[in-house]
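Student: this one's structure only:
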Ligand code: HEM
């Protein structure tokens, strides 16, 4: 079947992103004082509530079809349930997204499971609010400013080419998802942060990631304990790196030695530490968080972009032409520039469309800051939830003050890899109907093997 991307792009506003509003601490007082105002739905059994149904649907990657949709049909777009011990209100649609995301820090605050907080660190950006949050975001943003991006493009190009030479060349079948994970890891550490990747590092970080959404139970052999131990190894390694960087900067300020990596994020974070704006633990937690934020999300987005291209050959032809035109305007061996990347409009549309169909992050949870009656606010506007609303309707990168801080890096990573692959390789999916699993982030169940041959 062929498929015209231009036709489906206007459907973006119709996309209904889902927000899980988990009303933890204040929910009981809301429940007691204003029962009539609560949305319809079932709280189910004490503690367990509807958790099993939720997990079953999530495992099959049918969260919307098997869990959300039947409840919307029964109760409407906003309904109550109980998940993992917490009374929960599930809201759907652009208006609800706008309400929650734009009220971050005012009425609600983003909420992560205890295991994620323990493993990412209680001092990372995801746990910061207000001024402290603004300060960390500012530091990350300077590395992704226009001049930062310009300097990053040749580094990413070099990393991608090296990755293809090392891992693709001479192979007939490769796992696109597995290899892309290792590539995005290298790009975040080396091209953004300025930390050299050592052979055992990826394994350590992946062990932490495996425990991020597991129950926070430390019994021998549990994913959480393994992740905790890996986090301790990472801390040791990163502390070494941070202290060396601090010494280097100190010596440089005294007029000795050389300062490499001045534009890199690690340099900026350590400078903030020297100037007393951040503690050592804050720097460490943010480095771990950045790897976590970039890793599965970008790899999944890349994998799904290729899957979509394989399923829609007309789109692929148009996309390939875009990259051939860019390459044809370059001398042999000349590297891509930010200007070239800006011309990859069609490719970015394809990537955005694949993120619409397969969002790397499926839901978002918030808890209230005040015991205000949010249900009143939501229901007053209930009629407007039905209208297609452009802003806050397409949210793979979130919205409001917590909108993805790595959007530009993700975009560069995706566009540059697509450019290198489509101009250097013929490729096809080994299993075009490979199921997508969710645990709790989505991933191709067989790692998306592709058959490749050089052009
Ligand atoms: C396709 C790839 C990506 C997707 C789909 C994505 C998606 C998201 C989403 C939905 C959020 C909001 C989470 C929330 O509301 O709590 C977010 C936040 C964030 N992302 Fe990304 N992300 C991607 C890549 C990256 C990359 C490459 C980096 C950095 C290296 C990054 C860094 C961050 C950070 C630091 C935050 C937290 C922002 C804050 O709390 O202010 N992301 N991302």
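Tutor: Looks like it arrived, so ask away. For clarity, every value in this text was computed on a predicted model and none was experimentally measured.
Student: Quick check: residue 124 touching residue 286?
Tutor: Yes: if you go by C-beta atoms under 8 Å, residue 124 and residue 286 touch, sitting 5.2 Å apart. Yep, even glycine has a C-beta here, placed from its N, CA and C like the rest.
Student: Between those two, which is the more surrounded one?
Tutor: residue 286 (26 against 23; other C-beta atoms under 10 Å).
Student: Please tell me I have it right and the more buried one contacts residue 125.
Tutor: Yes: between residue 286 and residue 125 there is a contact at 5.9 Å, judged by C-beta under 8 Å.
Student: and for those two, which residues touch both?
Tutor: Here residue 286 and residue 125 share the contacting residues 136, 140, scored by C-beta atoms under 8 Å, 6 or more residues apart in numbering.
Student: who's in contact with the residue of the chain found nearest the ligand?
Tutor: Closest to the ligand within the chain is residue 406: 1.9 Å, counting by C-beta to the nearest ligand atom. Contacts for residue 406 were tallied using C-beta under 8 Å, 6+ apart; they are 140, 144, 192, 290, 293-294.
Student: and with 10 Å instead?
Tutor: Applying C-beta atoms under 10 Å, 6 or more residues apart in numbering to residue 406 gives the contacts 140, 143-144, 188, 192, 290, 293-294, 297-298, 397, 412-413.
Student: and it, what pLDDT?
Tutor: Residue 406 carries a pLDDT value of 92.
Student: Can you list phi and psi of it for me?
Tutor: Main-chain dihedrals, residue 406, degrees, to the nearest 10: phi -110, psi 20.
Student: now do residue 86
Tutor: Dihedral angles (degrees, to the nearest 10) for residue 86: phi -110, psi 130.
Student: which residues does it form a beta bridge with?
Tutor: Beta bridges link residue 86 to residue 83, judged by DSSP bridges.
Student: who's in contact with the residue nearest the centre of the chain?
Tutor: Nearest to the mean C-alpha position of the chain, counting by C-alpha atoms, centre = their mean, stands residue 297 at 3.9 Å. Neighbouring residues of residue 297 by C-beta under 10 Å, 6+ apart: 184, 355, 359-361, 396-397, 404, 406, 410, 441-442.
Student: Can you get me a residue count around the closest residue to residue 63 other than its chain neighbours?
Tutor: In space, not counting the residues next to it along the chain, residue 63 is nearest to residue 57; the distance is 4.9 Å by C-beta to C-beta, 6 or more residues apart in numbering. Counted with other C-beta under 10 Å, residues neighbouring residue 57 total 20.
Student: Test my guess that residue 57 contacts residue 81.
Tutor: No: in this structure, residue 57 is not within contact of residue 81 by C-beta atoms under 10 Å, at 11.9 Å.
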